[in-house]
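J.: Sequence and predicted structure below; questions after.
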Amino acid sequence: MKARAIFIIALMFIFSGCAELLNVLQSVSGPLPLTETEVISGLKEALSTGAKNAAGKLALENGYYGDAAMKILLPDEAKIIIDNISKIPGGDQLLEDVILRINRAAEDAAKEVAPIFVNSVTQMTIQDAFGILNGADNAATAYLKNTTYNNLYNLYKPKIQASTEKKIVGNISTKSSWETLTTKWNTVANSIAGKLANLKPVNTDLNDYLTNKALAGMFSKVEAEELRIRKDVSARITPILQRVFGSLDTKTTN
């Protein structure tokens, strides 16, 4: 009985020593290498968090309209309208109402993007995860853009289109006024005189242009969230984010 007690005490001492030895080794050699499971879990969490935060900010009222960097404006080809709109009674307010509606449509679409982002994240492979982890500071954003753009475009465009086709005054919509403007311009640009003057016809699809501008704003926000998680320790709000992205801090300082 006495011998058995001595044996148990000896085992406890040995295992205690192993734990202390492991701690010493880790303190000397640094943290243990990341496992594949940790990397993919950390990247999925980072992508989901960043994308949801970005979409949430743009989905708020004035998420697009109230942010000068995100605000969606009419194409440069509409400059002639913008420059002359003040000549029409109430024209400036009319133009601003059009821009407001377009941005409100984008804000409305932003409320529905989260499931599209989440679906993309669930499809991520181990190769994708390591490529993102060791890639450029916008590697995660590039992954989301490559895997979600078409679905997001199909979500945004109908909402933008409904806004531009809404009658604003005299049964004229933003789309119809745009088409009238570009048709008249192209008639001149395609004439002999226009070609001699090197005028270029305008073939901008208004709804396509506005949709792509809205998505550019969305991915700009996603990229800002990604950079924050990569560079700002306080943005890593869970242990897995701290461990995965902490490994990048170690590489940077070495």
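T.: In hand now; what should we look at? Residues are numbered from 1 along each chain as shown.
J.: Could you use CA atoms for every contact and neighbour count after this?
T.: Will do.
J.: residue ranges of the strands in the protein, please?
T.: Secondary structure of the chain (DSSP state E): strands at 167-169, 172-173.
J.: What separation is there between the spatially closest residue to Gly63 that is not a sequence neighbour and Val233?
T.: Residue nearest to Gly63 in three dimensions, not counting chain neighbours: Lys57, with 5.8 Å by Cα to Cα, 6 or more residues apart in numbering. The gap separating Lys57 from Val233 is 21 Å, by Cα to Cα, to the nearest Å.
J.: Name the residue in the two with the higher neighbour count.
T.: Neighbours were tallied for Lys57 and for Val233 using other Cα atoms under 10 Å; the higher tally belongs to Lys57 (17 against 14).
J.: so that one touches Asp67, yeah?
T.: No - the pair Lys57 / Asp67 is not scored as a contact, 10.3 Å apart, by Cα atoms under 8 Å.
J.: which residues in the stretch 101-250 of the chain form helices?
T.: 114-122, 126-133, 139-164, 174-189, 192-196, 206-231, 239-253 (DSSP state H, counting those that start in this stretch).
J.: Dump these to CSV, plus mean neighbour count, distance to Leu43 and mean pLDDT.
T.: Shown next, in CSV, are those (neighbours: other Cα atoms under 10 Å; distance: least, Cα to Cα, whole Å; pLDDT from 0 to 100):
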stretch, mean neighbour count, distance to Leu43, mean pLDDT
helix 114-122, 17, 9, 91
helix 126-133, 17, 6, 87
helix 139-164, 19, 8, 93
helix 174-189, 16, 41, 78
helix 192-196, 12, 53, 85
helix 206-231, 20, 10, 92
helix 239-253, 15, 8, 68
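J.: how about the ones you listed, which one is nearest Leu95?
T.: Closest of those to Leu95 is helix 174-189, at 9.1 Å (criterion: Cα to Cα).
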